[in-house]
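> predicted model and sequence below, questions to follow.
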Amino acid sequence: MNAAVASGNFGLDISTFFPPGTQTALTDIDTVWLGKSSAAEFLARVQTAYDKDKASNLLAPVPEPKS
């Protein structure tokens with residue numbers, strides 16, 4: 001992987017790491033692109049979904065960095 005990153009041949013889809021409700025909410029970005037909702041409304045829906053996922057303990061653990 002280090003060689004791929006160093007040569008510029010590496011991609012990452014951050015949505016892979018979101019919990020299920022948050023991921024579903026993020027897929028509705030087209031509502032903003034199509035003018036059906038504002039960016040602020042979209043982000044509020046994503047935040048609500050994230051808060052529900054967090055309250056349900058569905059967030060992936062984030063390990064502490066090693067120094």
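Structure's in. What do you need?

> report the buried residues of whichever helix in the chain runs longest.
What stands out as the longest helix in the chain, according to DSSP state H, is helix 39-55. By neighbour count with 16 or more other CB atoms under 10 Å, helix 39-55 contains the buried residues 42, 46, 49-50, 53. To be clear about C-beta, it is placed using only N, CA and C from the backbone, and glycine gets the same treatment.

> mean confidence score for it?
For helix 39-55, the mean pLDDT works out to 97.

> do the same with stretch 22-34
Rounded mean pLDDT across stretch 22-34 is 93.

> excluding its own residues, what touches it? List them.
The set of residues external to stretch 22-34 that reach it, using CB atoms under 8 Å, 6 or more residues apart in numbering, is 15, 18, 37-39, 42, 45-46, 48-50, 53.

> then stretch 41-54?
18-22, 24-26, 28-29, 31-32, 37, 59.

> possible to save those as CSV with distance to residue 9, secondary structure and neighbour count?
Listed next are the contacts of stretch 41-54 as CSV, based on distance: CB to CB, whole Å; DSSP: H, G, I helix; E, B strand; the rest coil; neighbours: other CB atoms under 10 Å:
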residue, distance to residue 9, secondary structure, neighbour count
18, 25, coil, 19
19, 29, coil, 17
20, 30, helix, 11
21, 33, helix, 18
22, 29, helix, 21
24, 30, helix, 13
25, 31, helix, 21
26, 26, helix, 16
28, 31, helix, 14
29, 26, helix, 13
31, 33, helix, 15
32, 31, helix, 15
37, 36, coil, 17
59, 30, coil, 14
